[in-house]
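Student: fold the following, please.
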Amino acid sequence: MRVIVDLTRCQGYGQCAFLAPDVFTMNGEEALLYDPDPDDAQREHILRAAAACPVQAIHVDRMATRHRGTRAGPAPPAAGDGFRKTGRIVIVGASLAGARAAGVLRRDGFAGSLTLIGDEPYEPYDRPPLSKQVLTGLAPEDHTLLPRLRELDAEWLSGIAATGLDLAAKRVRLADDREVSFDRLLIATGARARPWPNAREAALEGVLPLRGMDEAARLRERLAAGPRRVLVIGAGFTGSEVASVCRVLDLPVTVVERGPAPLVGALGGVIGAAAADLQREHGVDLRCGVTVEALDGDADGRVRAARLSDGSTVEADVVVVALGAIRNVEWLRDSGLAAGVWGVACDAGCRAFDSNGLVTDDVFVAGDVARFPHPVYNYQFMALEHWGNAVAQAEIAAHNMISDQAHRWPHLSLPVFWSNQFGTNIKSVGVPTFADEVVIAQGSLAERRFVAVYGYRGRITAAVTFDQAMWLEFYQRLIERAAPFPPELRTADRAEERRPVPAEVPERLEATQVTVMVTGHDPAERRASLLHGDR
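Tutor: As a prediction, this is how the structure comes out:
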């Protein structure tokens, strides 16, 4: 059987851990871990746990239910006569977003040809458990496969990468020289781990990224072997979660972060400082404001040490490279789409832009690879590597692919993110980096149990909780209503000092690796094209 817990909804009440303790465990006060593929003997206990969940976040043998913000109802009006029955839809990217879109298409009545193309040799799987349950040994990596996808009546082309797109002919080119035709295309190719930049050093035994199932399996084996020390390069969410797992396994771990504190790029300096204290309290050797200049190996090609920019050396026989992600857009080069290092640009209805800035009617984008405007954040384009965003955007894209123009929906869901670190459940709603101030509205930074509310020019734009997940929906509603900042609330755990301070978010950087060239004179001839850095 398959179990999915929508951790964007989970509030850490823990009834499931009491009713099915062999499947669900609480890591700290609110952080939930679970086995996604438990033994069938646990079914009765799991069903009881699902029924008892106050927020109905547990789903058995199926994907998570309709994302909040979408409505149940009759099938949407078809995009064209007969398209629902005879149309051809191709989804490139068979991970969470692609799989969710395929399920929604079938659920909402699309009976035409459906093809999923994925470069990994597996069925779609859930990535968040890889840096949590899999690394700790709570569940093997193959337990992360998403449920009930064999029943979709779809053609699966797994282990085959897409290498090109012909928009005019409506064909996707594959690595084995085949071409797949489509009427509508969904691009959901996601992102991959950014590798260590020195290829020779990256090839040393023991140097590992973490993004996919194979990488998680290799890292789990390394950690289980009991290394003398683990070095984590990068203190974003993935790097911080790996460090947390190391301490759970009682492994010495050093984290090197070029910024002033962990999580600064996502949550700003104020909350980053709290995350730094949390790591050090749990025995992490955290070094901020420095970088790794080189990795050294022994005569057998195994990593042994890292030389840092401050002149120090860290001896380690496992190095986890957690330097962020690269969006998988190379196959779209010269396709005519607005695709680059930022992802694939699309409108709020998930329709892709071409390189001229014109919206396409038959090409859609969803998940980590999508870059879309969000009205709540001044229509700024953003790309979000969030589980909840992948699910919500996939549902919007699927709905719009089989709807006429008058019945298409915008993707307006606020980003929701979670992370389990050092027994603490960290959750956020909104975009914390779109802020100029932050205030601790509830709880205490010192106790690592609080609600931080972010504001921009007098309006609430985001909230981050440490072991206070039950408040997240409340603040989500405030953000959606453009409530004033700082919030004036009367709560039992109201923070004593509620003075807003600068949020210390990093400067927003624009992608510069791609240049746009405009050609032609007559309006009918004017065209824009992308010039890539290697030309």
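Student: pLDDT weak spots in the stretch 101-250 of the chain?
Tutor: The stretch 101-250 of the chain contains residues with pLDDT under 70 at 147-150.
Student: so where do the strands sit in it?
Tutor: 113-118, 155-158, 162-166, 171-174, 179-181, 184-187, 191-193, 207-209, 230-233 (DSSP state E, counting those that start in this stretch).
Student: mind listing the strands in the stretch 301-450 of the chain by residue range?
Tutor: Assigned by DSSP E, counting those that start in this stretch, the stretch 301-450 of the chain shows strands spanning 303-308, 313-315, 318-321, 325-327, 339-340, 343-345, 351-353, 359-365, 370-374, 380-382, 416-421, 424-430, 437-444, 449-456.
Student: and the second one, what other elements does it pack with?
Tutor: Translated: strand 313-315. Under the contact criterion of 3 or more C-beta pairs under 8 Å, 6 or more residues apart in numbering; DSSP states H and E, strand 313-315 touches strand 303-308. To be clear about C-beta, it is placed using only N, CA and C from the backbone, and glycine gets the same treatment.
Student: what does the strand it packs on contact?
Tutor: With contacts defined as C-beta atoms under 8 Å, 6 or more residues apart in numbering, strand 303-308 is touched by 201, 204-207, 231, 233, 256, 287, 290-298, 313-319.
Student: any idea how far that strand is from the chain center?
Tutor: Strand 303-308 sits 30 Å away from the centroid of its parent chain (C-alpha atoms, centre = their mean, to the nearest Å).
Student: same thing with stretch 202-214?
Tutor: So, by C-alpha atoms, centre = their mean, the centroid of stretch 202-214 is 19 Å from its chain's centroid.
Student: quick one: low-confidence parts of this structure?
Tutor: If you take pLDDT under 70 as the line, the chain has these spans: 62-81, 147-150, 491-497, 508-518, 521-524, 526-530, 532-535.
Student: for it, just list every one of the helices.
Tutor: Using DSSP state H, the helices found in the chain span residues 15-19, 43-52, 83-86, 96-107, 133-136, 199-202, 213-224, 237-248, 264-267, 269-281, 387-401, 472-480.
Student: so for residue 164, which of the ones you listed sits nearest?
Tutor: The minimum distance between residue 164 and the helices of the chain falls on helix 96-107, with 18.2 Å, by C-beta to C-beta.
Student: okay, the strands of the stretch 301-450 of the chain in a markdown table with distance to residue 42 next?
Tutor: Shown next, in a markdown table, are the strands of the stretch 301-450 of the chain (distance: least, C-beta to C-beta, whole Å):
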| stretch | distance to residue 42 |
| --- | --- |
| strand 303-308 | 40 |
| strand 313-315 | 42 |
| strand 318-321 | 32 |
| strand 325-327 | 34 |
| strand 339-340 | 44 |
| strand 343-345 | 39 |
| strand 351-353 | 43 |
| strand 359-365 | 38 |
| strand 370-374 | 36 |
| strand 380-382 | 40 |
| strand 416-421 | 22 |
| strand 424-430 | 24 |
| strand 437-444 | 35 |
| strand 449-456 | 32 |
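Student: can you add mean neighbour count and distance to residue 162 and give those strands back as a markdown table?
Tutor: Shown next, in a markdown table, are these (neighbours: other C-beta atoms under 10 Å; distance: least, C-beta to C-beta, whole Å):
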| stretch | mean neighbour count | distance to residue 162 |
| --- | --- | --- |
| strand 303-308 | 19 | 33 |
| strand 313-315 | 14 | 40 |
| strand 318-321 | 27 | 26 |
| strand 325-327 | 18 | 14 |
| strand 339-340 | 26 | 12 |
| strand 343-345 | 26 | 13 |
| strand 351-353 | 23 | 15 |
| strand 359-365 | 20 | 13 |
| strand 370-374 | 23 | 16 |
| strand 380-382 | 15 | 24 |
| strand 416-421 | 24 | 28 |
| strand 424-430 | 26 | 33 |
| strand 437-444 | 22 | 42 |
| strand 449-456 | 24 | 38 |
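Student: quick one: buried ones out of the contacts of strand 303-308?
Tutor: Neighbour-count burial (16 or more other C-beta atoms under 10 Å) is assigned, among the contacts of strand 303-308, to 201, 204, 206-207, 231, 233, 256, 287, 292, 295, 297, 314, 316-319.
Student: residue 60 against residue 50, yeah?
Tutor: Yes: with contact defined as C-beta atoms under 8 Å, residue 60 reaches residue 50; the gap is 5.9 Å.
Student: and the spatially closest residue to residue 468 that is not a sequence neighbour, what does it touch?
Tutor: Sequence neighbours aside, residue 451 is the residue nearest to residue 468 in space, at 5.1 Å (criterion: C-beta to C-beta, 6 or more residues apart in numbering). The contact partners of residue 451, by C-beta under 8 Å, 6+ apart, come to 440-443, 463-465, 468, 471, 475.
Student: make it 7 Å
Tutor: 441-443, 463, 465, 468, 471 (C-beta atoms under 7 Å, 6 or more residues apart in numbering).
Student: with residue 258 instead?
Tutor: 290-291.
Student: can you rerun that using 10 Å?
Tutor: For residue 258, the contact set (C-beta atoms under 10 Å, 6 or more residues apart in numbering) comprises 233-235, 264, 287-292, 309, 323.
Student: do the same with residue 113
Tutor: Residue 113 makes contact with 86-90, 153-155, 180-183, according to C-beta under 10 Å, 6+ apart.
Student: narrow these to those that are buried.
Tutor: Buried, going by 16+ other C-beta under 10 Å: 87-90, 154, 180, 182-183, out of these.
Student: Serialize those residues to TSV and add fields for distance to residue 383.
Tutor: Converted to TSV, these look like this (distance: C-beta to C-beta, whole Å):
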residue	distance to residue 383
87	28
88	28
89	23
90	22
154	26
180	26
182	24
183	27
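Student: among these, which one lies nearest to residue 490?
Tutor: residue 89 (51.1 Å).
Student: surely that closest one meets residue 108?
Tutor: No: counting by C-beta atoms under 10 Å, residue 89 stays clear of residue 108, with 11.9 Å between them.
Student: now the common contact residues for the two.
Tutor: Joint contacts of residue 89 and residue 108 (C-beta under 10 Å, 6+ apart) are 398, 401-402.
Student: just send those back as TSV, with distance to residue 166 and neighbour count too.
Tutor: Shown next, in TSV, are the shared contacts of residue 89 and residue 108 (distance: C-beta to C-beta, whole Å; neighbours: other C-beta atoms under 10 Å):
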residue	distance to residue 166	neighbour count
398	23	28
401	19	29
402	23	25
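Student: what is the nearest of these to residue 434?
Tutor: Distances from residue 434 to those, taken by C-beta to C-beta, are shortest for residue 398, at 27.5 Å.
Student: list the residues that contact residue 14.
Tutor: Residues near residue 14 by C-beta under 10 Å, 6+ apart: 24-26, 29-30, 32, 53.
Student: now do residue 262
Tutor: 234-237, 239-240, 243, 255, 271-279, 284, 286, 288, 421.
Student: could you find the closest non-adjacent residue to it?
Tutor: The nearest residue in space to residue 262 (C-beta to C-beta, 6+ apart) is residue 235, at 3.6 Å.
Student: tell me the spacing between the one you found and residue 225.
Tutor: Separation of residue 235 from residue 225 (C-beta to C-beta, to the nearest Å): 24 Å.
Student: who's more crowded, the two?
Tutor: residue 235 (29 against 9; other C-beta atoms under 10 Å).
Student: the more buried one contacts residue 243, doesn't it?
Tutor: Yes: counting by C-beta under 10 Å, residue 235 does reach residue 243; the two are 7.6 Å apart.
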